[in-house]
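> coordinates only, no sequence provided:
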């Protein structure tokens, strides 16, 4: 399958942060690795899972979508959504 053994490294997660592809990603355990700018810490995130950033322990974020070149994140407190671009690091 196209998504088997795939991952992405997404930089910029500490900043002001649904289609068939999304369904395939859910079925095949797609994930992304976010790298926190201020610390370099890596956080593995999966679709529909919630996570916090070390710099913002009171904030909760949810992964809405993992795309081939992007990750879509929602801040749960106010519903603000960001699309992070994949970068090579």
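Alright, I've got the coordinates. Keep in mind that what you see is a predicted model, and the values were worked out from it rather than measured. Numbering: from 1, shown residues only.
> what mean pLDDT does stretch 75-89 get?
Mean pLDDT, stretch 75-89: 86.
> low-confidence ranges, the protein, go.
1-28, 88-89 (pLDDT under 70).
> in it, which spans are strands?
Ranges of strands within the chain are 7-11, 31-35, 42-46, 50-53, 56-66, 70-75, 81-85, based on DSSP state E.
> quickly note the distance from residue 72 to residue 57.
Separation of residue 72 from residue 57 (Cβ to Cβ, to the nearest Å): 22 Å. The way it works is simple: take the backbone N, C-alpha and C, and place the C-beta from them, glycine included.
> same thing with residue 47?
Taking Cβ to Cβ, one finds residue 47 at 23 Å from residue 57.
> neighbour count: these two, which is higher?
For residue 47 versus residue 57, neighbours defined as other Cβ atoms under 10 Å are more numerous around residue 47 (20 against 8).
> assess the claim that the more buried one and residue 65 are in contact.
Yes - using Cβ atoms under 8 Å, residue 47 is in contact with residue 65, at 7.2 Å.
> based on its surroundings, how many neighbours for the residue lying closest to residue 81 once chain neighbours are set aside?
Distances taken as Cβ to Cβ, 6 or more residues apart in numbering place residue 74 nearest to residue 81, at 4.9 Å, with adjacent residues excluded. Neighbour count of residue 74, defined by other Cβ under 10 Å: 18.
> for residue 74, what are its contacts?
61, 62, 64, 80, 81 (Cβ atoms under 8 Å, 6 or more residues apart in numbering).
> could you measure from it over to residue 56?
Distance from residue 74 to residue 56, by Cβ to Cβ: 14 Å.
> got it, and residue 49?
17 Å.
> residue 59: what's it in contact with?
Counted by Cβ under 8 Å, 6+ apart, residue 59 has contacts 52, 53, 75, 76, 77.
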